[in-house]
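Enquirer: Pasting a predicted model and its sequence here:
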Amino acid sequence: MTTESVSDREDGQSEAATTAGTAGGRPEREYSIRQIEPSDGAAFVSLYNLVYDADLTEAWFDWKYLRNPSTDAPLGYVALHEGELVGTTPLVPFRMLAAGKRVLGVLGTDLFVHPDHRRRGLFAGMMDRLLEHVVDHEVTIMFGFPNHEALAGLRKFGVRSIGPRRRSYRIENPAPAVRDHLGGRVGRILSDVSETVARRAFQTSDHLIGRTSGYDVTRHECPPIERLVSLYESAVPEQIHALRDEALYRWWFAAPHEDRTTWVVSRDGAPVAAILTRTTATRYGSEPVRITRIDDVVPMVGPDRSPAIRAGVAEIVATEPHTDVYIAAEDVLPRGVMRRFGFVPETSRVFERTDFGLGWSSISMRSLRADQRWTVNGLTLDDRSNTLFTGVEECL
């Protein structure tokens, strides 16, 4: 097997009965653990929606785990109780580059156990089998973005935090939060006032910033794949990141649950940068909220990117009138651009008394090298400066 793809069926083991155990150890007898299968989609999504109060469909599972370009079968394990799926530890494979050389990495995501079946050793049982399996398949890196609770559990399996995942928010419309917190007639009145004040304030500041002269920005609902690959290849980072090739882009844009858009920035008729965004409708408490995430920029590195990125962001915020909140991670937009357009770090006091935002998360790493070394092509895995992860790697 090469490091270009990974199959989850090569060991011929479809299911293993568990042995007796205690809480936090191995699963009890009434449970079984086996590799995840394509037919698990409906049960997987049902459990996901229960645990996270979401409303995803089986199309999301098919896209994320069955149509991934780096695998020919879903990678991961599930726990069953009397035939019912009650736990999952799936992985999303990525072809990655580290110091310019290809390696196979996996994103640990959607790791959860049904609330009624926790503290019975299921997570440990699934993770033990999973780690043994991926090491046998030449996977080099496992990374993720766990919250505090998940990180505490993952540390038991050799996972390390290499630093916080820092995000910033531009709140175009605070009205949903005001209505949700205050409620009633007062909430409605103050929400209308807050929305008007916020939007006018941003309109004024954006006008003062102005659009960067000399650049043209075009919006593409149909992704210009070849152009994106060309821009990426014009300055490939040395840091560990997912390889932006045609296969990855076609898969990323095919996500069924969000609107994904490309903004191409040109100068003198030649493309010099592109920004990828995804917009989704969600809820803040009981209030509907429309969120646009600025997920990726190509080229990913380079000393002269900021003016073009600034021009692209100016166009995005000027032409997305229905967005309530913009979100960007620190590895996506330069800090100066975020400050200029009013993005506020989630660590700001503005958010201290609210539960607004995505919540704290870490960037985690685990070496899967057979020799247990924490270096790949000369890059130390637990050094935050050696990674460059954007919304593409996050793969929500």
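Expert: Looks like it came in fine.

Enquirer: List phi and psi for Asn386.
Expert: phi -90, psi 10 (degrees, to the nearest 10).

Enquirer: Please, where are all the helices along the stretch 201-350 of the chain?
Expert: With helices called from DSSP state H, counting those that start in this stretch, the stretch 201-350 of the chain shows them at 225-233, 246-253, 306-319, 335-340.

Enquirer: out of those, deepest packed?
Expert: Mean neighbours per residue, mean count of other Cβ atoms under 10 Å, is largest over the helices of the stretch 201-350 of the chain for helix 306-319, with a mean of 21. Every C-beta, even on glycine, is put in place using the N, C-alpha and C of the backbone.

Enquirer: Report the distance from that helix to the chain centre.
Expert: In terms of Cα atoms, centre = their mean, to the nearest Å, the centre of helix 306-319 is set 22 Å apart from its chain centre.

Enquirer: Report all helices and strands that it contacts.
Expert: Helices and strands touching helix 306-319, by 3 or more Cβ pairs under 8 Å, 6 or more residues apart in numbering; DSSP states H and E, are helix 184-209, strand 215-220, strand 259-267, strand 270-284, strand 287-298, helix 335-340.

Enquirer: Measure how it sits relative to strand 287-298, angle-wise.
Expert: 160 degrees (axes from the mean of the first three to the mean of the last three Cα atoms, to 10 degrees).

Enquirer: outside of helix 306-319, which residues touch it?
Expert: By Cβ atoms under 8 Å, 6 or more residues apart in numbering, the residues outside helix 306-319 that reach it are 170, 172, 202, 206, 209-212, 215, 217, 219, 263, 265, 267, 272-275, 277, 292, 294, 297, 323, 326, 333-334, 336-337, 340-341.

Enquirer: rewinding a little: tell me which of the helices of the stretch 201-350 of the chain approaches Ser364 most closely.
Expert: Judged by Cβ to Cβ, the one of those that comes nearest to Ser364 is helix 246-253, at 21.4 Å.

Enquirer: Mind giving me the packing neighbours of that closest one?
Expert: helix 225-233.

Enquirer: Can you spell out which helices and strands pack onto the strand or helix carrying His133?
Expert: Using DSSP states H and E, His133 sits within helix 122-136. Counting by 3+ Cβ pairs under 8 Å, 6+ apart, the packing neighbours recorded for helix 122-136 are strand 31-35, strand 75-81, strand 84-98.

Enquirer: closest to Gln239 out of these?
Expert: Among the helices and strands packed on helix 122-136, strand 84-98 sits nearest to Gln239 (Cβ to Cβ), with 7.9 Å.

Enquirer: Now the closest one: buried residues?
Expert: In terms of neighbour count (16 or more other Cβ atoms under 10 Å), strand 84-98 has its buried residues at 85-98.

Enquirer: can these go into CSV with extra columns for pLDDT and distance to Thr380?
Expert: Output for the buried residues of strand 84-98, formatted as CSV (pLDDT from 0 to 100; distance: Cβ to Cβ, whole Å):
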residue, pLDDT, distance to Thr380
Leu85, 98, 38
Val86, 97, 38
Gly87, 97, 33
Thr88, 97, 31
Thr89, 97, 26
Pro90, 97, 27
Leu91, 96, 22
Val92, 96, 23
Pro93, 95, 22
Phe94, 96, 19
Arg95, 96, 21
Met96, 97, 15
Leu97, 98, 16
Ala98, 97, 11
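
Enquirer: Now flag whichever of these is closest to Leu154.
Expert: Once Cβ to Cβ is applied, the member of the buried residues of strand 84-98 that ends up nearest Leu154 is Thr89, at 10.4 Å.

Enquirer: Run the chain-centre distance for stretch 275-288.
Expert: Stretch 275-288 sits 14 Å away from the centroid of its parent chain (Cα atoms, centre = their mean).

Enquirer: buried set for that stretch?
Expert: When burial is assessed from 16+ other Cβ under 10 Å, stretch 275-288 yields the following buried residues: Ile275, Leu276, Thr277, Arg278, Thr279, Tyr284, Glu287.

Enquirer: and if you look at stretch 257-267?
Expert: Of the residues in stretch 257-267, His257, Glu258, Arg260, Thr261, Thr262, Trp263, Val264, Val265, Ser266 count as buried by neighbour count, 16+ other Cβ under 10 Å.

Enquirer: the domain parsing of this structure - what is it?
Expert: Following automatic domain parsing, one gets these domains for the chain: 15-165+361-394, 167-351.

Enquirer: and those, which one's lowest on average pLDDT?
Expert: When the domains of the chain are ranked by mean pLDDT, domain 167-351 comes last with a mean of 81.

Enquirer: circling back to that earlier point, how about CSV for the helices of the stretch 201-350 of the chain, with distance to Phe143 added?
Expert: Formatted as CSV, those follow (distance: least, Cβ to Cβ, whole Å):
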stretch, distance to Phe143
helix 225-233, 19
helix 246-253, 16
helix 306-319, 25
helix 335-340, 23
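
Enquirer: mind checking which of these is nearest His117?
Expert: Per Cβ to Cβ, nearest to His117 of the helices of the stretch 201-350 of the chain: helix 246-253, 32.0 Å.
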